[in-house]
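> Requesting a structural model of the entry that follows:
(chains A and B)
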Amino acid sequence: DGGITQSPKYLFRKEGQNVTLSCEQNLNHDAMYWYRQDPGQGLRLIYYSQIVNDFQKGDIAEGYSVSREKKESFPLTVTSAQKNPTAFYLCASSIIAGSTDTQYFGPGTRLTVL
Amino acid sequence: DQQVKQNSPSLSVQEGRISILNCDYTNSMFDYFLWYKKYPAEGPTFLISISSIKDKNEDGRFTVFLNKSAKHLSLHIVPSQPGDSAVYFCAASGAGGYQKVTFGTGTKLQVIP
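Here you go, the predicted model:
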């Protein structure tokens, strides 16, 4: 049963703490993405990776970091430098990072910073 | 600068009628357009797409129309069903190589039984 898993579904952290969101896919996709969704806004791209050991900043990368050591995994760390980290975070993957390639999304992680 | 705009945050339609969701874009370099559907607490799922070389693409009850001169696209759902109630995101990307996908703010569709 192929797909993308994100864990946990809900996450609470104290202000000033770093937190890592997990994203795993077993679709054998080369490309992976992290988006952030805020109320009344579209999905905004944080980071993307076209291939293992490579990743690029998206539109709102400040305060976030990623790694891509394995094809299946693309964890996102929300650092204490992120000014407003409370949001819904979505991970996605696609076969390749082509402009017409369909992205498949995970169920998302809702992060609340107290 | 919102390059993909969905000006209607919500839409209510009676079951069996047509739902029309609209999307406008400002970037003339956009070449490929997609619609995603999202249920609460889930990730978006791909619904239908259209390339700029076409003006219409149909998949079952879903049809997307593209008017390049007006920089406007629309998603028609006929007939609408209660299970179609969700948030619909319009998205666009440029051509060639990797081009990031720009998403609109979404329209929440409610289909009333």
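> C-alpha only now, for contacts and for neighbours.
Will do.
> tally of neighbours for the closest residue to residue A:114 other than its chain neighbours?
Closest residue to residue A:114 apart from its sequence neighbours, by CA to CA, 6 or more residues apart in numbering or on different chains: residue A:14 at 4.9 Å. Counted with other CA atoms under 10 Å in any protein chain shown, residues neighbouring residue A:14 total 11.
> Quick check: residue B:113 touching residue B:82?
Yes - distance between residue B:113 and residue B:82: 6.2 Å, which falls inside the contact criterion (CA atoms under 8 Å).
> Looking at these two now, which is surrounded by more residues?
Residue environment comparison for residue B:113 versus residue B:82 gives the larger neighbour count to residue B:82, 15 against 11, counting by other CA under 10 Å.
> Ramachandran coordinates for that one?
The phi and psi torsions at residue B:82 (degrees, to the nearest 10) take the values phi -50, psi -30.
> so residue 20 is in which element?
Let's take chain A. Residue A:20 belongs to strand A:19-25 when elements are defined using DSSP states H and E.
> hmm, I had chain B in mind actually
Under the assignment here (DSSP H and E), residue B:20 is part of strand B:19-25.
> chain center to that strand: distance?
For strand B:19-25, the distance from its own C-alpha centre to the chain's C-alpha centre is 6 Å (CA atoms, centre = their mean, to the nearest Å).
> Note down every partner strand of it and its orientation.
Counting by DSSP bridges, the strands paired with strand B:19-25 are strand B:4-5 (antiparallel), strand B:72-77 (antiparallel).
> tell me the secondary structure for whichever residue of chain B sits closest to chain A?
Nearest residue of chain B to chain A (CA to the nearest CA) works out as residue B:105 at 3.8 Å. Remark: residue B:105 carries the secondary structure label coil [criterion: DSSP: H, G, I helix; E, B strand; the rest coil].
> Near chain B, which residues of chain A? Just list them.
Counting by CA under 8 Å from any CA of the partner chain, chain A comes close to chain B at A:40-44, A:90, A:97-100, A:102-108.
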